[in-house]
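Asker: sequence and predicted structure, then a few things I'm wondering about:
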Protein chains: 4
Amino acid sequence: MTTTRPATTESSTTESSTTESSTTGGTLDRSDPEGAIAAAAARCSNWGRWGDDDVYGTLNLIDDAKRAQAARLIRRGASFSLSLQFDMDGPQKGWRRRTNPVHTMLDTGTDAEAGIQGFPHGLGGADDVIAMPLQCSTQWDGLGHIFDHGRAWNGRRAGAVVTSLGDQVTGIETVADRIVGRGVLLDVGRVCGEAGELPDGFAITVDHLAATIEHHGLTGRVGTGDIVVVRTGQLQRARRDGWNDYAGGAAPGLSFTTADWLHDTDIAAIATDTWGFEVRPNEFDDAFQPLHQVAIPNMGLFLGEMWDLDALAADCADDAVYEFFLSAAPLPVTGAVGAPVNPIAVK
Amino acid sequence: MTTTRPATTESSTTESSTTESSTTGGTLDRSDPEGAIAAAAARCSNWGRWGDDDVYGTLNLIDDAKRAQAARLIRRGASFSLSLQFDMDGPQKGWRRRTNPVHTMLDTGTDAEAGIQGFPHGLGGADDVIAMPLQCSTQWDGLGHIFDHGRAWNGRRAGAVVTSLGDQVTGIETVADRIVGRGVLLDVGRVCGEAGELPDGFAITVDHLAATIEHHGLTGRVGTGDIVVVRTGQLQRARRDGWNDYAGGAAPGLSFTTADWLHDTDIAAIATDTWGFEVRPNEFDDAFQPLHQVAIPNMGLFLGEMWDLDALAADCADDAVYEFFLSAAPLPVTGAVGAPVNPIAVK
Amino acid sequence: MTTTRPATTESSTTESSTTESSTTGGTLDRSDPEGAIAAAAARCSNWGRWGDDDVYGTLNLIDDAKRAQAARLIRRGASFSLSLQFDMDGPQKGWRRRTNPVHTMLDTGTDAEAGIQGFPHGLGGADDVIAMPLQCSTQWDGLGHIFDHGRAWNGRRAGAVVTSLGDQVTGIETVADRIVGRGVLLDVGRVCGEAGELPDGFAITVDHLAATIEHHGLTGRVGTGDIVVVRTGQLQRARRDGWNDYAGGAAPGLSFTTADWLHDTDIAAIATDTWGFEVRPNEFDDAFQPLHQVAIPNMGLFLGEMWDLDALAADCADDAVYEFFLSAAPLPVTGAVGAPVNPIAVK
Amino acid sequence: MTTTRPATTESSTTESSTTESSTTGGTLDRSDPEGAIAAAAARCSNWGRWGDDDVYGTLNLIDDAKRAQAARLIRRGASFSLSLQFDMDGPQKGWRRRTNPVHTMLDTGTDAEAGIQGFPHGLGGADDVIAMPLQCSTQWDGLGHIFDHGRAWNGRRAGAVVTSLGDQVTGIETVADRIVGRGVLLDVGRVCGEAGELPDGFAITVDHLAATIEHHGLTGRVGTGDIVVVRTGQLQRARRDGWNDYAGGAAPGLSFTTADWLHDTDIAAIATDTWGFEVRPNEFDDAFQPLHQVAIPNMGLFLGEMWDLDALAADCADDAVYEFFLSAAPLPVTGAVGAPVNPIAVK
């Protein structure tokens, strides 16, 4: 695993965010992962913050005023899809039954042309079906995706939330109209990496985030209710070199030590161009996605994964504007603990 | 089949649209459906209009300027999801292999709580998969969905476009970033129906559209590049009375005679709250979705179906503002001839 | 609920079977379903009978000698498939996410003929996929399908057997080579019904079974290790009148009072031509498949459902031979709690 | 009927390396694959042999008398499943959308134990679904699986047989009750390989088959209507070394030069323990499964693939009896061009 690079300046973090309070994220005690996770969970918990019945988590931090403000960021009207294609040649290799989408045709143009479809007056048709894991490509993690010691978001019992029938409390459909607001790109790959890419295993710390924000200037500032998209450059690498272990292998990503930053900035959501959001291998010798364990059930934070940020990032580098209107509404599958999404950024 | 209701006034249509040229849609010759379809297709064809290689059809009519203009329609920042839930209790009954989504869990909170998942430090997880027809719920028809006498959009051979591998030319992924712009609600159900609902079999004519536009006033005007959403009220009825034959049965919808209006207004796309966009039963004794046959392969028009317009419509009725920013990016399934979408309207 | 027809004579049951010990099945106390179920479960339990680690249940009662004996029943070499087609027009209507099979093509002859597949030297191909509930058509219930007060077969904790990963102890793959032996048809529909059919709601009692065995003579005798197939005639009715509520609605079937007969005869398995094996509606006012609850987790009995027995039954009526060699090996889906099967009877 | 053709020389097997051209199966002209395929197809064609309407192909060669005779091969009553498990950890890697089965639970024992299922009186249940390619594991190729220059079995147009709706003429359901008869194991791996295994790329010629039959003696003789199962040992290797490229990569298998043997022996069907039946890479520089192209559309021969023959082969080696009763009825998926099967051999 790679260590983090030192922050460029001590002062960078204080300038970086309007609301941030944690400056360095603290040191990581690798000898006690369970203790470290529990401590971070306690510091960052939002349980009860929006009432006992809350199902929105940090999406409570986006309101209409925030959206109206975000709309004013649309100047040219240029739109960017931040979605990978849902493609049979995607990154999945069957790990934990996560396959690529299987898209098959119920009717085809070949059949129509052969005149065998039986419709009158020359009508022909094509139709199709899909079978796929809900998190096989660009997606949001729902609040029912991860539990901490048997507890889901807001302190509910995991077994009372997600059964074989799906997430009966915080299913992704509950936030169908909510994930629309100000997006901010933090192109950490470009600022802190080489040729726009961070190496696999690179842990993005608060210092890296601060350096990136400082580089981006005013339009890169992160505050309450923002949807932050962090570009590591790993997807650019996969696009060039092949998927390899993109889905589940080593990757750059957020350090466990960013937990407090994620909490204190009061962002509404965060997404990356990697499979798993946080750095892989994880920073503890024996751990599995410990930042998820703090962020989802304890903070109620929405995490996006496998977002394609490259075209947007190129545009942002061109005009030095890193903020935009973002509409990233998940497909509202009833009871889903994650959902595919085609996020649209408009500048 | 139900007949149409008379238009309220002759003058309504001329006031209704900035670009409309067909005032009545002409009379429908029921004795020769194939001839009528061919004639409408000839009048309304956009083949070659955007070059021989075009894959965008009427989405060419949305440009950045249009999107920037649409952004200025966001005033309050209120967002509305126009999507039904993708739900196992949805309207599908298996006709032509169209089932409701089958959403199943790979891991659950029940399992996590039982401590059998094997993750360290108290982490638990839930994950899920889906199998569904791409047009089982709220969706866009892609340009490869319908053919006319073996021809797909822009005159291509159907068999050269959509094979068992999917739509290799106009797959829905080609428009992943395009369907964002000005939306206009035409609440025909409210203006021309009773208690906000048109009866099944009601054919919405140009006159009904004109009357609705006149009722809605300036914000209801329809012009180049707009995305029109037509509310019939059928979904409201299904929500109250049960799905019954919502997916495939009798329904209010656009009259075949609106073909010229659809073409001449230069709209970018149109969607309804019904299963099949056009009136059902169709207006010819022997026909199957004849307006699709004109609109998709000949005009290159994007059609949306099973959109949930009720909450938006209630808001529009409240503030008498029928236009909005609309982000309706389809899930970019490679090669799909239709795709699920969670359209977001922001006012 | 329908009542049963009286048995023809008191003595019929004692003559009917070589091994049967329960003569009437006892009376049914409808006032205390939970008590009745518990009592039957206690009387019929096979827990521990084949050791603590057993995963075969009543299939232990088939051994090689039994199979060799069954082979000698093959005289003419006539084979009968007892399977329904796995068909998109099958009986399922989506209840509890049970759809009919969705069978789609990955490649077609139409495509091959159009010359677009890219194989050399004139080769063309077709390929296909399926998505289906494992119990949507002709199938075996596995031992992990039903639990009694949180206990699975042989007394194991249900949650230690079947998790989101499937049945990790008694998955259907464990019996992949076992369900081969002597089959006996009991055509209760023909003997006790009208025109070969029992009405929906008809509860088949021990007396009906006995009368049927008496009618069938020596070849209809039921003993240790036999696989009994009970024909009610409901499928014949569905084939004539349409599926209607075949999958889940009212049906003829085994009475709860046959529990002891099922146990005491030491049969290896039993299957019917109905969706749910036991009579529907169930014989208690408030109950759901109480005979399953006794038979599967307590006896370890394998139940087959939706078997097509009509062609075999016609042949048996013709030659008055009701026994045959039966090969009914389930598709060995790892961890499945039920599995499709194409049972083959050979006479 | 026929016996095997005697091996020409004792030394033939020792000449049998990966590059060998067979001595009696004719020499292989590698310079003209299309010509070689066409010539073999002409020599081996069975078109019209069983009438113009035939849908059974070589399965016509099994009749009741053959099955009755096969039944007499059952002596001990020992049964063997020749099926791999249908398992998420199977050999598929997504090539041509062939994934491993995705088996998910609709209900679990964990849920039942948690008491959240809502059934009365302590009943709990588990249920499951599957999505899989029909040829992802142990399977039969149907007659609609392969075409030769746009022609399917018996000379029909490929596009008239297999459309997006499936195989409408020779769908696998048409042979639901037919594949039952005498099975013969030819353990070529044991006779001609090392430690029971042929190397990848090893082409099994007529000489190898003859040598194997000679080794096996009377019970290994192959004649009219037999179902031949050929063990190469590749599956044993995959079981030991991991799947690697078992599904689609290099493999031992039948040489193209065995086409005439397959035809002239009048066997009913043949299966192997490999993914693709014939040797891979194919014996022409530029070809794809040329023996399939001769065998399926021209002979009407049923091919089985990915059969697990190891336990049966061990038993045959023990008792030197290589023939058995074989019940290998495919799952009758309507219109399928291939189908999963759990073949049962009984000795």
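Answerer: Ah, there it is.

Asker: check contacts around the residue of chain A found nearest chain C.
Answerer: Here the residue of chain A nearest chain C is A:T104; by C-beta to the nearest C-beta that distance is 3.8 Å. (C-beta placed from N, C-alpha, C; glycine too.) Contact partners of A:T104, counting by C-beta atoms under 8 Å, 6 or more residues apart in numbering or on different chains, are A:D128, A:V129, A:I130, B:S164, C:T104, C:M105, C:L106, C:V129, D:R97.

Asker: rerun at 6 Å
Answerer: Shown in contact with A:T104 (C-beta atoms under 6 Å, 6 or more residues apart in numbering or on different chains): A:V129, C:T104, C:V129.

Asker: the first one should be in a strand, yeah?
Answerer: Think A:V129. Yes: the assignment for A:V129 is a strand, going by DSSP: H, G, I helix; E, B strand; the rest coil.

Asker: host element of A:D318?
Answerer: Following DSSP states H and E, one finds A:D318 within helix A:310-319.

Asker: what residues does that helix touch?
Answerer: A:F80, A:L185, A:D187, A:R231, A:Q236, A:Y322, A:A345.

Asker: for ChimeraX, what selects the buried ones among those?
Answerer: Command for ChimeraX that selects the buried part of the contacts of helix A:310-319, burial taken from 16 or more other C-beta atoms under 10 Å in any protein chain shown:
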select /A:80,185,187,231,236,322,345
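
Asker: give me the subset of the contacts of helix A:310-319 lying in helices.
Answerer: A:Q236 (DSSP state H).

Asker: could you dump the contacts of helix A:310-319 into CSV and include distance to chain C and pLDDT?
Answerer: Formatted as CSV, the contacts of helix A:310-319 follow (distance: C-beta to the nearest C-beta, whole Å; pLDDT from 0 to 100):
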residue, distance to chain C, pLDDT
A:F80, 33, 98
A:L185, 36, 98
A:D187, 38, 98
A:R231, 34, 98
A:Q236, 30, 98
A:Y322, 41, 98
A:A345, 34, 98
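
Asker: would TSV of the contacts of helix A:310-319 with distance to B:A251 be doable?
Answerer: Shown next, in TSV, are the contacts of helix A:310-319 (distance: C-beta to C-beta, whole Å):
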residue	distance to B:A251
A:F80	36
A:L185	44
A:D187	48
A:R231	45
A:Q236	47
A:Y322	46
A:A345	36
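
Asker: just the ones of the contacts of helix A:310-319 in strands?
Answerer: Here DSSP state E is the test, and these give A:F80, A:L185, A:A345 as lying in strands.

Asker: hmm, the second one is touching A:V228, no?
Answerer: So that's A:L185. No: counting by C-beta atoms under 6 Å, A:L185 does not reach A:V228; the two are 8.2 Å apart.

Asker: closest residue of the stretch 201-347 of chain A to chain D?
Answerer: Using C-beta to the nearest C-beta, A:W243 is the residue of the stretch 201-347 of chain A that sits closest to chain D, at 10.8 Å.

Asker: so what's the spatially most central residue of chain A closest to, chain neighbours aside?
Answerer: With distances taken as C-alpha atoms, centre = their mean, A:G304 lies nearest the centre of chain A, 1.6 Å away. Spatial nearest neighbour of A:G304, excluding adjacent residues (C-beta to C-beta, 6 or more residues apart in numbering or on different chains): A:A271 at 2.6 Å.

Asker: you'd agree the one you found is up against A:W307?
Answerer: Yes: if you go by C-beta under 6 Å, A:A271 and A:W307 touch, sitting 4.7 Å apart.

Asker: ok, now how distant is A:R98 from A:D89?
Answerer: 15 Å (C-beta to C-beta, to the nearest Å).

Asker: more neighbours: which of those two?
Answerer: Shown here are A:R98 and A:D89; by other C-beta atoms under 10 Å in any protein chain shown, A:R98 has more neighbours (22 against 12).

Asker: contacts only, for that one.
Answerer: By C-beta under 6 Å, 6+ apart, the neighbours of A:R98 are A:Q92, A:P133, A:C136.

Asker: against chain B, how distant is the second one?
Answerer: A:P133 sits 5 Å away from chain B when distances are taken as C-beta to the nearest C-beta, to the nearest Å.

Asker: now swap in A:L59 and tell me
Answerer: From A:L59 over to chain B (counting by C-beta to the nearest C-beta), the distance is 11 Å.

Asker: next, count neighbours for that residue.
Answerer: A:L59 - counted by other C-beta under 10 Å - has 24 other residues nearby.

Asker: now do the contacts for it.
Answerer: A:V175, A:R178, A:A268.

Asker: same for chain D: which of these are within range?
Answerer: Residues of the contacts of A:L59 in contact with chain D (C-beta under 6 Å from any C-beta of the partner chain): none.

Asker: can I see the domain layout of chain A?
Answerer: Using automatic domain parsing, the domain parsing of chain A gives A:18-93+A:133-346, A:103-131.

Asker: nearest to chain B, of the contacts of A:T104?
Answerer: A:V129 (4.7 Å).

Asker: the closest one - nearest residue in space that isn't next to it in sequence?
Answerer: Closest to A:V129 by C-beta to C-beta, 6+ apart is B:P133, at 4.7 Å.

Asker: phi and psi next, for the one you found.
Answerer: phi -70, psi 140 (degrees, to the nearest 10).

Asker: how many other residues sit next to it?
Answerer: Neighbour number of B:P133 under other C-beta under 10 Å is 23.

Asker: returning to that earlier point: what about the residue nearest to A:G304, neighbour count?
Answerer: Neighbours of A:A271 using other C-beta under 10 Å come to 28.

Asker: so who does it touch?
Answerer: A:V229, A:G304, A:W307.

Asker: so A:I296 sits in a helix?
Answerer: Yes: assessed with three-state DSSP, A:I296 lies in a helix.

Asker: test my guess that it contacts A:I146.
Answerer: Yes: the pair A:I296 and A:I146 qualifies as a contact (C-beta under 6 Å) at a distance of 4.1 Å.

Asker: ok, back up a step: per-residue confidence at the residue of the stretch 201-347 of chain A closest to chain D?
Answerer: For A:W243, the pLDDT comes out at 96.

Asker: helix, strand or coil: sort out A:T104 for me.
Answerer: The three-state label given to A:T104 by three-state DSSP is strand.

Asker: from D:S79, how far off is it?
Answerer: Note on A:T104: its distance to D:S79, by C-beta to C-beta, is 36 Å.

Asker: same thing with A:K66?
Answerer: Counting by C-beta to C-beta, the separation of A:K66 from D:S79 is 68 Å.

Asker: the more surrounded of those two?
Answerer: When A:K66 and D:S79 are compared for neighbours, D:S79 comes out ahead with 25 against 20, by other C-beta under 10 Å.

Asker: I'd like the distance between the more buried one and chain A.
Answerer: Counting by C-beta to the nearest C-beta, the gap from D:S79 to chain A is 31 Å.

Asker: lovely, talk soon.
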